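Chemist: sequence plus the predicted model coming up.
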Amino acid sequence: MVGRNLGKQNPKGSVFETWNKVNENELSGKSYVLKEKDTIVFETIRLVKEESGLFYIPVVKNQNEGMPVRFSATTMSANQLVFENQQHDFPQVISYTKVGSDSLVAEISGTKNGQARKQTFSMKRVK
């Protein structure tokens, strides 16, 4: 497996992201919850490098009629990736910030119904 296996506990179960290398220009990911013996995938993600930039392209279960949404990279550094799509209802910003050699903080943020919102997911590499 190439990429990261990231996990976080929450009341709904253990939340994970798993990433695999598709080719030199693409990673494929999925977000899922493990609750007891059930695995519930709620999001698939493509991280794609194109001539025009780097794109985070999720498909979230029961959202956007099952269609992918493109977020463009606006910040790329050794410790942070930030993707934005200001036309999306929520979130408009998705970020990953490295906080240690085996941990990061993923965050979704933006406005929904005129109110600023943010969800933060502290994650640690699972071996």
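Modeler: Looks like it arrived, so ask away. Numbering: from 1, shown residues only.

Chemist: please make it C-alpha for all contacts and neighbour counts, starting now.
Modeler: Noted.

Chemist: mind listing what's buried along the strand ranked longest in the chain?
Modeler: Longest strand in the chain, counting residues (DSSP state E): strand 38-50. Residues 41, 43-48 are the ones in strand 38-50 that count as buried (16 or more other Cα atoms under 10 Å).

Chemist: which residues of this protein fall in strands?
Modeler: Going by DSSP E, the chain shows strands at 5-10, 13-23, 26-35, 38-50, 53-60, 71-76, 80-84, 93-100, 103-112, 115-125.

Chemist: please name the residues that touch Lys30.
Modeler: Shown in contact with Lys30 (Cα atoms under 8 Å, 6 or more residues apart in numbering): 17-19, 41-45.

Chemist: and for Gly110?
Modeler: 90-93, 116-118.

Chemist: still on that earlier bit, quick one: which of the buried residues of strand 38-50 is nearest Ser28?
Modeler: For the buried residues of strand 38-50, the closest approach to Ser28 (Cα to Cα) belongs to Arg46, at 4.8 Å.

Chemist: so where is this structure shaky, pLDDT-wise?
Modeler: For the chain, the stretches flagged by pLDDT under 70 are 1-12.

Chemist: 80 instead, please
Modeler: 1-14, 36, 127 (pLDDT under 80).

Chemist: what is the neighbour count of Gln92?
Modeler: 17 (other Cα atoms under 10 Å).
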